[in-house]
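Q: What shape does this take:
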Amino acid sequence: MKPHLIFVYNAGSDVFSLVTDFAHKILSPSTYDCNLCALTYGHFGMKSDWKAYLEQLGTVNEFLHKDELSRKYGLTDLKLPAVLLDTGNSVQTLLSAEEINGCRSLPELQTLLTQTLSRRPEISG
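A: Residues are numbered from 1 along each chain as shown. Predicted coordinates:
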């Protein structure tokens, strides 16, 4: 299996969570719990700049909500949001919640991810 990136949002995947998160991002964005969501998604979907960035990375990408991470990988105590690397043998943290939450803009997140990936040549497409 080719190593791939797993982007894990600090949000649930059920309909109630999705509707609640949508409203929260609009009504009180400064208190929203998922900076990965806030930076990479607008009100109606993935930001075009983020989508283009991911496409040019040449990586295999997976996007999960916290409950999906628990079901698929059995990880329940990981602080979220996070960007993980699944090598086929293990799942490792590439970007921690602290690193993601420290980003104040999409370009800042992209720079952080690019720098991290540059130290991991086995990941690139």
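Q: quick one: Val91 from Leu57, how far?
A: Distance from Val91 to Leu57, counting by C-beta to C-beta, to the nearest Å: 19 Å. For the C-beta atoms, the positions are set from N, CA and C on the backbone; glycine is no exception.
Q: Leu109 too?
A: Taking C-beta to C-beta, one finds Leu109 at 13 Å from Leu57.
Q: So which of these two has more stuff around it?
A: More neighbours surround Leu109 than the other of Leu109 and Leu57, with 22 against 17 (other C-beta atoms under 10 Å).
Q: Point to the helix or strand of the protein where mean pLDDT is at its lowest.
A: helix 15-27 (a mean of 45; mean pLDDT, DSSP states H and E).
Q: Can you name the element that comes right after that one?
A: Under the assignment DSSP states H and E, the closest C-terminal helix or strand after helix 15-27 is helix 35-40.
Q: name the helices or strands packed onto that next one?
A: strand 4-9, helix 15-27, helix 97-101, helix 106-118 (3 or more C-beta pairs under 8 Å, 6 or more residues apart in numbering; DSSP states H and E).
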